[in-house]
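S.K.: Okay, predicted coordinates and the sequence, questions at the end:
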Amino acid sequence: TATLYVLATPIGNVADITLRALHVLTIVDAVACEDTRNTGHLLSRFGLNKPLLAAHQHNEREVADKLVARLLSGERIALVSDAGTPAVSDPGARIVDAVRAAGLRVVPLPGASAAVTALSASGLVNDQFYFVGFLPAKAKQRESALGLLRAVSATMVFYEAPHRILDCVGALAAAFEPGRNIVFARELTKLFEEIHRCPLSEAVAWVKADPHREKGEYVVLLEGASVGGDAADAEAERILNILLAECS
Ligand code: SAM
């Protein structure tokens, strides 16, 4: 029956594809993907060859209409992104929304997700986490986004583009207490995988200590504000000072 499969692909190590994903990739009529070259390459690693449809952030709306029409004619289609779980800091949500709005079946196929992979190996308290994803690239907007996160007590999860890692860590170090733990999860599942935890005060120096560290893919995790602890006190004091200034 007509189905859109939202199918997670590996984030580095191709062996992380699931058996179910491989099965679905053999039965679908087409694969909607972020980049036809990448996905064509992945499929060929498994001896598969399927019609590919480009569905990236610039054409998602038009593609959504096309996919709905194809599904209405009874096709089965897989939706993938370049790596990891589609529609999580990746294109796909609009397509899923359109397919659901048309009353058609959407089936998720779980698999790799950089955020959850990083959390699992971090040792940070993960019973609550706050997925921030990518911070704004511009310094001002990034600062105000971080300001809003100061009181969050859950572990925070950031994605970052390789060339911006140093800027990102510098901004975190400026915005949060130096004693908070930060975890770098770099090149997960790949040859040069590195998972490093340190106080935020040492984070910039850690990135700078090895030129390789300014490259590669990163998930950055930041320990949340300690409830009722220093951060909460500091925030209360900050607000009190604003109120006192208003009164005088
Ligand atoms: N949808 C994908 C997911 O949930 O795994 C994420 C796609 S997002 C466009 C790409 C970002 O995910 C990268 O900039 C990086 O922050 C993170 N990422 C992806 N693969 C990674 C890996 N192997 N190691 C560390 N971070 C990774």
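M.R.: Ah, there it is. Numbers count the residues shown, from 1 in each chain.

S.K.: So which residues on this structure come close to the ligand?
M.R.: Proximity of the chain to the ligand (C-beta under 6 Å from any ligand atom) is limited to residues 11-12, 81, 83-85, 88-90, 113-115, 159-161, 185, 187-190, 217-219. Every residue, glycine included, has its C-beta placed from N, CA and C.

S.K.: at 8 Å instead, please
M.R.: By the rule C-beta under 8 Å from any ligand atom, the part of the chain lying against the ligand is 8, 11-12, 81-90, 112-118, 133-134, 158-162, 185-190, 193, 216-220.

S.K.: tally of neighbours for Gly123?
M.R.: For Gly123, the count of nearby residues is 12 (other C-beta atoms under 10 Å).

S.K.: How about Ala69?
M.R.: 11.

S.K.: Could you do Ala15 as well?
M.R.: Counted by other C-beta under 10 Å, the residues lying close to Ala15 total 8.

S.K.: Helices of this structure, start to end?
M.R.: Taking DSSP state H, the helices of the chain run over residues 19-27, 36-45, 60-72, 93-101, 114-120, 139-147, 165-175, 203-208, 230-247.

S.K.: I'd like these written out as TSV, with mean pLDDT and distance to Gly224 added.
M.R.: Formatted as TSV, the helices of the chain follow (pLDDT from 0 to 100; distance: least, C-beta to C-beta, whole Å):
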stretch	mean pLDDT	distance to Gly224
helix 19-27	98	33
helix 36-45	98	35
helix 60-72	96	33
helix 93-101	97	26
helix 114-120	98	13
helix 139-147	97	13
helix 165-175	97	13
helix 203-208	97	16
helix 230-247	76	9
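
S.K.: Looking from the ligand, tell me which residue of the protein is nearest.
M.R.: Closest residue of the chain to the ligand, C-beta to the nearest ligand atom: Gly84 (2.2 Å).

S.K.: Leaving aside the residues adjacent along the chain, what's closest to that residue?
M.R.: Ile11 (4.8 Å; C-beta to C-beta, 6 or more residues apart in numbering).

S.K.: pretty sure Val68 contacts Val106?
M.R.: No. Contact between Val68 and Val106 fails when scored by C-beta atoms under 8 Å: they sit 11.5 Å apart.
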